[in-house]
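Student: what would the 3D arrangement of this be:
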Amino acid sequence: MAVIKEDLLKSVSPIGIKDNTNKICWCATCFFVASENIKIDIYNLPFLVTNRHVIKNQRTIVIRTKSKGKTDYSDCEISLYDGDKPLYFVHDCSDVDLVVLPLPIEFLKIEYDFSCYDIDSFSLSTEELLQQGGSIGTFISMLGYPLGLVNNESQTPICRLGCIARIDKTEIQKDHCYIIDIQNFPGNSGSPVLVRPELSYLVGTKNIMQTNLIGVVYGYIPYSVQLLNLQSNQVEEIRSENSGLAKVIPVEYIRDIIYSHYPIKK
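Tutor: Sure, this is the predicted structure:
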């Protein structure tokens, strides 16, 4: 049974950085969101979402998309600055590792064939997720491009499965994240996390009926392994390993950034 629609796959793109020879190094993930409440002319204004550490010290990034009616994909370079002025937005809280970038005018004219997650209708904040039955153990999917695994002929992401390991309101208030159990590797920074619909559930509880965006991955939780020299009894090397747990920034922080710059008129 398919649980991720094709248009959701088209909402995800790899992020690349050009080196001195213009060769693209695919290093991270981004995705696109929009809101029915924010329009330019007749178009819903699209936003690119990724982690702040992904674009650190960069003037431009490269994303992969294709033109309407075409089958070949192209790599589109996007500016992050207008002179010295950043074109992207960040959260008021500096601990939130998130960037939201309004896309250029050619995207508004729908010259490119891509989709957007609806940040209101098909996304769940922490409060909404818990109200709809989300909890510890709820199944999730993560879409992205770990280890630079970008298909030469498409933008199709890699899907990994996991579950919510811990979600706690006080932890989110303090650390602005919750924890998922999933294999997250370099290249997954900026990956969207989707809650999966469930057919079975406990009597007296609710079940989630559709795939929704619930957050953005921004890093795994490492643990350290010490290698001990048995002769000297000294630590010779400390290795950092992936624990299989990752941190997720909830959807409400994306909404905070967008609506702080594009307030809804009531």
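
Student: which residues touch residue 134?
Tutor: 124, 164, 167, 195, 208, 214 (CB atoms under 8 Å, 6 or more residues apart in numbering). Every residue, glycine included, has its C-beta placed from N, CA and C.

Student: which two from the residues you listed end up farthest apart in space?
Tutor: With distance counted by CB to CB, no two of the contacts of residue 134 lie farther apart than 167 and 208, which are 13.4 Å apart.

Student: neighbour count for the two, which is higher?
Tutor: Comparing residue 167 with residue 208 by other CB atoms under 10 Å, the one with more neighbours is residue 167, at 22 against 19.

Student: for the more buried one, which non-adjacent residue is spatially closest?
Tutor: With CB to CB, 6 or more residues apart in numbering as the criterion, residue 167 has its nearest non-adjacent residue at 4.3 Å, and that residue is residue 178.

Student: residue 222 pairs with what?
Tutor: Counting by DSSP bridges, residue 222 forms beta bridges with residue 242.

Student: share the number of residues neighbouring it, please.
Tutor: As a burial measure, the neighbour count of residue 222 was computed by other CB under 10 Å and equals 12.

Student: quick check: it vs residue 156, distance?
Tutor: 29 Å (CB to CB, to the nearest Å).

Student: kindly report the same for residue 193.
Tutor: Relative to residue 156, residue 193 is positioned 18 Å away (CB to CB).

Student: what's the answer for residue 246, then?
Tutor: Noted for residue 246: a distance of 21 Å to residue 156, by CB to CB.

Student: and those two? which has more neighbours close in?
Tutor: Looking at residue 246 and residue 156 with other CB under 10 Å, you find the greater number of neighbours at residue 246, namely 27 against 16.

Student: for the stretch 151-266 of the chain, what spans make up the helices?
Tutor: Secondary structure of the stretch 151-266 of the chain by DSSP state H, counting those that start in this stretch: the helices cover 169-175, 251-261.

Student: a markdown table for these, including distance to residue 130 and mean neighbour count?
Tutor: As requested, the helices of the stretch 151-266 of the chain are arranged in a markdown table below (distance: least, CB to CB, whole Å; neighbours: other CB atoms under 10 Å):
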| stretch | distance to residue 130 | mean neighbour count |
| --- | --- | --- |
| helix 169-175 | 8 | 12 |
| helix 251-261 | 12 | 19 |
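
Student: can you check which of the ones you listed gets nearest to residue 6?
Tutor: Nearest to residue 6, of the helices of the stretch 151-266 of the chain and by CB to CB, is helix 251-261 at 21.7 Å.

Student: any idea how far that closest one is from the chain center?
Tutor: Put simply, helix 251-261 sits 14 Å off its chain's centre (CA atoms, centre = their mean, to the nearest Å).

Student: show me the contact partners of that helix.
Tutor: Defining contact as CB under 8 Å, 6+ apart, one finds that helix 251-261 is touched by 33, 35, 38, 47, 49, 89-92, 96, 98, 100, 119-120, 123-127, 176, 213-216.

Student: so of those residues, which ones are in strands?
Tutor: The members of those that map onto strands under DSSP state E are 33, 47, 49, 89, 90, 100, 213, 214, 215, 216.

Student: once you drop chain neighbours, what's closest to residue 32?
Tutor: Closest residue in space to residue 32, ignoring its immediate chain neighbours: residue 116 at 4.5 Å, by CB to CB, 6+ apart.
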